[in-house]
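Participant: sequence first, predicted coordinates after that:
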Amino acid sequence: MPDTASMYLDKDRPETIFRLQSTENHDEYFKSLYNDRRFVNLANTLLDDDVVTISMQWFNKPAREGKETPPHQDGFYWQLEPNEALTMWLAPDVVDEENGCIRYLPRSHKRDFRVHQPSGTASFSQGVTDYGDADYEVEHPIPAVPGDMTVHLAMIVHQPDPNTSENKSRQALGFVYFPVRAKMDQERGER
């Protein structure tokens, strides 16, 4: 894969790899999985439209080194009009609060964007800046076992925990789909 598609916490230490971007463009297995009719049909149904395949990503939070991801809304990165899209998140590992499960903020997809600012976190350049005690009190951690899949909309606020375990990685595959009706707003995206 090109260097731009692989991300490391420390490029000199291969064991710190934390993300592979657009895996479907580099491997037939992932391309076949991403375009599998079961997933595409589910996305069509949930978004009530035909969908466009955008990207399949592999995420990893290495044991003891996987950092917390800032709370964010995926739609903030994409800047779609209408701002509708979804991510299917497939767990090949056991995922729990120790090794980095995702926390979702209930009903946050029914509101507008939260304020995002630069986060300083590699590959998650923007994060919600006003995430406070009231949010922490109601967020829901979602544990998973291999084969579990969560689906979240572009507007839901979520954040994966850090991996504080001594020896468990936390891997996941992210399948991103846009409805045909959603178009990227280039001007808004550049801002």
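Facilitator: Yes, it's here. Numbering: from 1, shown residues only.
Participant: can I get the CA coordinates of stretch 144-156 in PDB?
Facilitator: The C-alpha coordinates for stretch 144-156 follow below in PDB (Å, rounded to 0.1, in the frame of the first residue of the first chain):
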ATOM      1  CA  ALA A 144     -18.500  -6.300  20.900                       C
ATOM      2  CA  VAL A 145     -17.400  -9.800  20.100                       C
ATOM      3  CA  PRO A 146     -15.900 -11.000  16.800                       C
ATOM      4  CA  GLY A 147     -18.500 -10.700  14.100                       C
ATOM      5  CA  ASP A 148     -20.600  -8.000  15.800                       C
ATOM      6  CA  MET A 149     -21.300  -4.900  13.700                       C
ATOM      7  CA  THR A 150     -22.500  -1.500  14.700                       C
ATOM      8  CA  VAL A 151     -23.900   1.000  12.300                       C
ATOM      9  CA  HIS A 152     -23.900   4.700  13.000                       C
ATOM     10  CA  LEU A 153     -25.100   7.700  11.100                       C
ATOM     11  CA  ALA A 154     -22.800  10.600  10.000                       C
ATOM     12  CA  MET A 155     -24.200  13.000  12.600                       C
ATOM     13  CA  ILE A 156     -23.900  10.800  15.700                       C
END
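Participant: could you check how many residues crowd around Glu98?
Facilitator: When neighbours are counted by other C-beta atoms under 10 Å, Glu98 registers 17. C-beta: built from backbone N, CA, C; applies to glycine.
Participant: doesn't Ser165 make contact with it?
Facilitator: Yes: under the criterion of C-beta atoms under 8 Å, Glu98 makes contact with Ser165 at 4.7 Å.
Participant: now the strands for this structure?
Facilitator: 6-8, 17-20, 51-61, 80-81, 86-90, 102-104, 116-121, 124-128, 140-142, 149-153, 158-160, 170-179, 183-184 (DSSP state E).
Participant: redo these as CSV? Include distance to Pro70, mean pLDDT and mean neighbour count.
Facilitator: Below are those laid out as CSV (distance: least, C-beta to C-beta, whole Å; pLDDT from 0 to 100; neighbours: other C-beta atoms under 10 Å):
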stretch, distance to Pro70, mean pLDDT, mean neighbour count
strand 6-8, 16, 86, 17
strand 17-20, 14, 88, 19
strand 51-61, 14, 94, 20
strand 80-81, 21, 94, 16
strand 86-90, 16, 97, 20
strand 102-104, 12, 96, 20
strand 116-121, 4, 71, 13
strand 124-128, 3, 76, 19
strand 140-142, 16, 96, 14
strand 149-153, 16, 96, 17
strand 158-160, 6, 92, 22
strand 170-179, 16, 96, 22
strand 183-184, 22, 90, 12
